[in-house]
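Enquirer: Sequence and predicted structure, then a few things I'm wondering about:
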Amino acid sequence: MPEPRATWRVYNLTPYRVLGSSVQQALKRLGVDIEERIIEYIVAESPRPDLGDYGVPIARFAKKYGVEIEALVKSIEEELRTYPHIAGVKRVGGYLNILLDASEVSRQLFRAVQTDNDVFGHLRVDKPLRIVVEHTSANPVHPLHIGHARNAALGDTLARMLRERGHIVQTRFYVDDMGRQVAVLVYGAKLLGDLSIPRGVKPDHWLGTLYALVHTLADIEELKKELDKLKQENKLDEYREKLRELDKLVAAASKLREKEPELFDKLADAIRGRNPDEEISEIMRSYEFRRDEEVVKITRAIVEACLRGFRETLERLGIGFDKWDWESDLVWSSLVGKILEEAKKTPYATMHKGALALNLQPLLRDPVIRSALGVPEDYEVPPLILQRSDGTTLYTTRDIAYSIKKFREFNADKVYNVIAAEQKLPQLQVRLALIALGYRREGLNMHHYAYEMVNLPGRKMSGRRGEYVTLDELIEQAIARARAEVEKRSPNLPPEEKQKIAEAVGIAAIRYTLVSVSAPKPMTFNIEEALNFEQNSAPYILYTHARAANILAKAKQRGLEINLEEIDYNAANENPLRRRLVLQLLNYPYVFVKAADELKPEIIVNYLNRLADTFNKWYTSGDSAINEPDPGKRGYKLALVQAVKTVTANALRILGIKPLEKM
RNA sequence: GGGCCCGUAGCCUAGCCAGGAUAGGGCGCCGGCCUUCUAAGCCGGAGGUCCGGGGUUCAAAUCCCCGCGGGCCCGCCA
């Protein structure tokens, strides 16, 4: 990736940097030394243009740091004089506002956009880090649904942001083939005596149905046994409660039966009178210890098939992985065994009710660890069990081995795990365990990028009961919706082109929606809303980009080239919308850096939306670029359009959305 | 019982960590605009106890305390 050199200059002209450094310098001269970043945070856009463009509440600084306000203002004004693009300074109330010279800003901006082009704005760090991003890592037992989609969209966007920021990034998918969930599926396959996946069905979809069937039928079978026992013991209250549970299960089961009556009946017959819980546990054991080659074969085949489905879905979203890591490989390669040996030798090792465990509490006495892991002072962390009494390991144990592998294999400085917020405790335990085992650097540099669950309106999703909207369905719906729109507005395009646009738009809409809500917020996924292609959506942004592209294409057709030397930069100040647009574009590098460093894709989303807003207002205001008779002004407008197009395209790419030239 | 996260108009959301200018957007609703670069657009309008109550402050959506509501976690599950 080329270095965006010209972007640096623009970056240093953004109001945040300018005011940040000026105020900092001014305060320093008055004997107060504070970080520039603190001031940058406080710089604000002015609410009205007549007050200036950006400002800082200087009264606050004067008070807080005990400096004379007049002296401070004078000092700041002096600092600001060194910038050629500052046209004036204005005091309003407790604020000191700056007025930017849009023509000078434009001059710098257009040049940088032209030289840096597709890396414009993407300022790179001085010292790149080697970063692993593990994300999605869905259980290979059912198709990906919207919840996984949030994980995938966030993870992929994170990886893209970090790469553009100059880091060396590797993405990894953890294939959890040793969990109970896969064993449930294997159990089902064994009951059926046949694991061939019917043709014409996507493997993950078929497996998802099988999984829900087996799980639900197994639960019913187990519950029946419990009921018998309670009845015998004459525990009527509990009995009635369990009976209600059974009703719910039976209701879920009958829904499943509607989908696959034959399969359902076959499984129901096969499972009757058996001990599914026990048998599933036995499958897990025999897979972990490779006791039964048949189980190994079936398991691997099932998981492979499911992953084929995942890959197909993710590929449509433009999401791929550098590495796929199988949990079983960690165990069979003795990496996990090594962890157990190491654990036993540490002073943290303990026996918890007869199982090998780590007591992690003492580590929390170290304030460095507490602050690095974000643990409050008197937090109590439960002991972490590493090995069951039957000798099998637990998910978290294997995750410790996996964490080390992630660092080792890529020689990583940092690891980000994009994992649901409900896994906060196990994630914390893994990090503490790493430290306990002597992998202090790894423990302190592994981060849990937590996101909240996605729910469907009115109900919760449940993989075990087969209640979910698959990502594939959602993608299809989005594309169909986009297709109808293309059909309506561009009936004359060739069908392949229509389809291409529809696919790009539909998929973009989904990705945009998923990263537009900040990760710690729970999200209700409203399909109607996600497929609303109006303002504040990917289609809106793509449409804006296509509009800009269209203007430039038309200009080219008419032989109108953009020559930065022949532009009349005074045109910048003639029209308030042009001015606003330039000032927004000026902020792009700053916005990018903030989003990438804070790992907040929604910052990019918000920026894009506001930029598109301003562009569309300008576009419809009648200030046409290609019909402009004055060559200097026309040049200016075209360069402005070009800048909008470039910035929009660059920002979209970070979100994993391909910009469109035509819609 | 303990811990973590979330609470901003009918719905969704930004701002909160780093307190300051009449709380930004969007959907939906009402009313307008296609002979000028793409109407997936634009213009105008109605709609707010920033969950509640205290406190700190010249100043609180933002900080602190006490509550309320929702979600999640505290397993020899993952």
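Expert: Received it, and whenever you're ready, just let me know what you need.

Enquirer: contacts, neighbours, all on C-alpha from now
Expert: Fine.

Enquirer: Next, A:Leu585: secondary structure please.
Expert: Under DSSP: H, G, I helix; E, B strand; the rest coil, A:Leu585 falls in the helix class.

Enquirer: can you tell me which residues contact it?
Expert: Contacts for A:Leu585 (C-alpha atoms under 8 Å, 6 or more residues apart in numbering) come out as A:109, A:611, A:643-644, A:647.

Enquirer: Next up, the contacts around the residue nearest to the spatial centre of chain A.
Expert: When C-alpha atoms, centre = their mean is applied to chain A, the residue found nearest the centroid is A:Leu154 (0.9 Å). The contact partners of A:Leu154, by C-alpha under 8 Å, 6+ apart, come to A:418, A:514-515, A:601.

Enquirer: from these, which ones fall inside strands?
Expert: A:Val418 (DSSP state E).

Enquirer: With pLDDT as new columns, can the contacts of A:Leu154 be given to me in a markdown table?
Expert: As requested, those are arranged in a markdown table below (pLDDT from 0 to 100):
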| residue | pLDDT |
| --- | --- |
| A:Val418 | 98 |
| A:Leu514 | 95 |
| A:Val515 | 96 |
| A:Pro601 | 97 |
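
Enquirer: ok, back up a step: please convert the contacts of A:Leu585 to CSV, extending it with secondary structure and neighbour count.
Expert: Below are those laid out as CSV (DSSP: H, G, I helix; E, B strand; the rest coil; neighbours: other C-alpha atoms under 10 Å):
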residue, secondary structure, neighbour count
A:Leu109, helix, 26
A:Leu611, helix, 23
A:Ala643, helix, 26
A:Val644, helix, 24
A:Val647, helix, 25
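
Enquirer: Among those residues, find me the one that's closest to RNA strand B.
Expert: A:Leu611 (9.7 Å; C-alpha to the nearest atom of the strand).

Enquirer: What separation is there between the closest residue to that closest one other than its chain neighbours and A:Val23?
Expert: Setting aside the residues directly before and after it, A:Leu611 is nearest to A:Gln584 in space (C-alpha to C-alpha, 6 or more residues apart in numbering), at 6.7 Å. Separation of A:Gln584 from A:Val23 (C-alpha to C-alpha, to the nearest Å): 22 Å.

Enquirer: Those two: who's more crowded?
Expert: Between A:Gln584 and A:Val23, A:Val23 has the larger neighbour count (other C-alpha atoms under 10 Å), namely 26 against 18.

Enquirer: does that one really touch A:Arg37, like I thought?
Expert: No. Contact between A:Val23 and A:Arg37 fails when scored by C-alpha atoms under 8 Å: they sit 10.9 Å apart.

Enquirer: which bits of the stretch 51-200 of chain A sit near RNA strand B?
Expert: For the stretch 51-200 of chain A, the residues in contact with RNA strand B (C-alpha under 7 Å from any atom of the strand) are A:51-52, A:54-57, A:59-61, A:63, A:92-93, A:95-97, A:139, A:176, A:178-181.

Enquirer: Looking at those, which are in helices?
Expert: Among those, the residues falling in helices (DSSP state H) are A:59-61, A:63, A:180-181.

Enquirer: Now render the residues you listed as CSV, adding neighbour count.
Expert: Shown next, in CSV, are those (neighbours: other C-alpha atoms under 10 Å):
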residue, neighbour count
A:Ala59, 18
A:Arg60, 13
A:Phe61, 18
A:Lys63, 11
A:Arg180, 16
A:Gln181, 20
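
Enquirer: Toward the C-terminus, what is the element adjacent to the lengthiest helix in chain A?
Expert: With secondary structure taken from DSSP H, chain A has its longest helix at helix A:203-232. Toward the C-terminus, helix A:203-232 is succeeded by helix A:236-259 as the next helix or strand (DSSP states H and E).

Enquirer: Could you list every helix and strand in contact with that next one?
Expert: helix A:203-232, helix A:261-271 (3 or more C-alpha pairs under 8 Å, 6 or more residues apart in numbering; DSSP states H and E).

Enquirer: would A:His448 count as being in a helix?
Expert: No. Under the criterion used here (three-state DSSP), A:His448 is strand, not part of a helix.

Enquirer: how about the nearest residue to it, chain neighbours excluded?
Expert: A:His448 sits nearest to A:Asn417 (C-alpha to C-alpha, 6+ apart), 4.9 Å away.

Enquirer: List the contacts of the one you found.
Expert: Contact partners of A:Asn417, counting by C-alpha under 8 Å, 6+ apart, are A:133-135, A:446-450.

Enquirer: What about the residue of the stretch 251-400 of chain A found nearest RNA strand B, how many residues nearby?
Expert: RNA strand B sits closest to A:Arg388 of the stretch 251-400 of chain A, with a gap of 3.1 Å, by C-alpha to the nearest atom of the strand. Other residues within reach of A:Arg388, judged by other C-alpha under 10 Å, total 14.

Enquirer: Distance check, the spatially closest residue to it that is not a sequence neighbour against A:Phe289.
Expert: Ranked by C-alpha to C-alpha, 6+ apart and with sequence neighbours excluded, the top spatial neighbour of A:Arg388 is A:Ala355, at 5.5 Å. A:Ala355 is 18 Å from A:Phe289, where distance means C-alpha to C-alpha.

Enquirer: What is the three-state secondary structure of A:Glu282?
Expert: helix.
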